[in-house]
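> Need the 3D shape of this:
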Amino acid sequence: MRNSGTAKGATGTVQSVDRAISVLELLAQHGEAGITEIAAELGVHKSTASRLVAALEARHLVEQLGQRGKYAIGFGVVRLAGAAMGRLDLAKLGNQTCRTLAESLGETVNIAVADGGVAINISQAFGSAAVSAQNWTGRRTPLHATSSGKVLLAYMSESDRGPLLREPLERYTPRTTVVPDTLRAELGRVRHDGYAASFEELEVGMHAVAVPVYGADGQVIAAISASGPSYRLSRDRVAQVVRPLAEAATELSSQLGHFPR
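The predicted structure follows:
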């Protein structure tokens, strides 16, 4: 009798998995659907459809569009797809992250990736307190003189980083670090602390702080930064900004398929 019960339970589990997959396929096809529509499509009671959707929602595979509203595919599916596909469109996903962070922090937020010996900004959003609307998207910036660049340097392999630190480092302001050994020591602190800061190293009067963004393979593929005038983004405030930056970077990394160990 016990074996029979086990077989029956296994059959029920398989049926539930099949129905859950059908829910995802339904939402992928129609974009959104309510519990009543889902139940009708699957040929089950509304209570059964509700339990299926609740289980999927708990894993962020579906999300509700407004209170008591319809359901749509959630970012958990994007995370799984990212793990399978290797990488997704970082710029597209990053745009929303930048907008949300910029609105929250009031500062300019950028996402940058390494491109040879420089960093290139691929996403940007301006906060309400931004003093200028300078567009850095597509601009190349030095790795050693920016917070994003230091993050990218810190997590590079030594074979990639080594040649970049052998050349004479250009000085942009009196505060730019131009001694390779000094920069190496700072990069070690970046890896230890999980963030990098730039205090008037690229532009006089400008501060910035950045954290890493991870891809599905666990490698750092980008850096997300917040920047602002030194009188507002002070050293004390930089320390306060690290946490919301890191939380946003963690969410973006998960959307790209990164599963922390």
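
> Tell me the buried residues in the helix or strand hosting residue 244?
Using DSSP states H and E, residue 244 sits within helix 235-255. For helix 235-255, a neighbour-count test (16 or more other Cβ atoms under 10 Å) marks 238, 241-242, 245, 248-255 as buried. For the C-beta atoms, the positions are set from N, CA and C on the backbone; glycine is no exception.

> How about stretch 50-70?
52-53, 56, 61-63, 70.

> I'd like these laid out as a markdown table, including secondary structure.
Shown next, in a markdown table, are the buried residues of stretch 50-70 (DSSP: H, G, I helix; E, B strand; the rest coil):
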| residue | secondary structure |
| --- | --- |
| 52 | helix |
| 53 | helix |
| 56 | helix |
| 61 | coil |
| 62 | strand |
| 63 | strand |
| 70 | coil |
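
> Out of those, the closest to residue 102 would be?
The shortest approach to residue 102 among those belongs to residue 63, at 22.7 Å (Cβ to Cβ).

> And that closest one, how far from residue 53?
Using Cβ to Cβ, to the nearest Å, residue 63 is found at 10 Å from residue 53.

> Between those two, which contacts overlap?
residue 71 (Cβ atoms under 8 Å, 6 or more residues apart in numbering).

> Lowest pLDDT pick from the buried residues of helix 235-255?
On pLDDT alone, residue 255 ranks lowest of these, at 84.

> Distance of it relative to residue 155?
Taking Cβ to Cβ, one finds residue 255 at 19 Å from residue 155.

> what do you get for residue 105?
With Cβ to Cβ as the criterion, residue 105 and residue 155 are 23 Å apart.

> now residue 213
10 Å.

> Likewise for residue 220?
As judged by Cβ to Cβ, residue 220 and residue 155 stand 4 Å apart.

> coming back round to it: more neighbours: residue 105 and residue 155, which one.
residue 105 (23 against 19; other Cβ atoms under 10 Å).

> I figured the more buried one hits residue 243, correct?
No. Between residue 105 and residue 243 there is no contact under Cβ atoms under 8 Å: 11.0 Å.

> got the buried residues of helix 235-255 as JSON lines, with distance to residue 31 columns?
Shown next, in JSON lines, are those (distance: Cβ to Cβ, whole Å):
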{"residue": "238", "distance to residue 31": "41"}
{"residue": "241", "distance to residue 31": "36"}
{"residue": "242", "distance to residue 31": "37"}
{"residue": "245", "distance to residue 31": "32"}
{"residue": "248", "distance to residue 31": "26"}
{"residue": "249", "distance to residue 31": "29"}
{"residue": "250", "distance to residue 31": "28"}
{"residue": "251", "distance to residue 31": "23"}
{"residue": "252", "distance to residue 31": "23"}
{"residue": "253", "distance to residue 31": "26"}
{"residue": "254", "distance to residue 31": "23"}
{"residue": "255", "distance to residue 31": "19"}
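
> Tell me which stretches of the chain form strands.
Remark: strands assigned in the chain by DSSP state E are 62-64, 71-73, 108-115, 118-125, 140-142, 196-199, 206-214, 220-229.

> could I get the ones you listed as a markdown table with mean pLDDT and distance to residue 16?
A markdown table is the format used below for these (pLDDT from 0 to 100; distance: least, Cβ to Cβ, whole Å):
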| stretch | mean pLDDT | distance to residue 16 |
| --- | --- | --- |
| strand 62-64 | 90 | 15 |
| strand 71-73 | 90 | 17 |
| strand 108-115 | 92 | 39 |
| strand 118-125 | 91 | 39 |
| strand 140-142 | 91 | 51 |
| strand 196-199 | 96 | 47 |
| strand 206-214 | 96 | 32 |
| strand 220-229 | 94 | 36 |
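
> Mind putting those strands into a markdown table with distance to residue 43?
Putting the strands of the chain into a markdown table (distance: least, Cβ to Cβ, whole Å) gives the following:
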| stretch | distance to residue 43 |
| --- | --- |
| strand 62-64 | 19 |
| strand 71-73 | 18 |
| strand 108-115 | 45 |
| strand 118-125 | 44 |
| strand 140-142 | 57 |
| strand 196-199 | 55 |
| strand 206-214 | 42 |
| strand 220-229 | 44 |
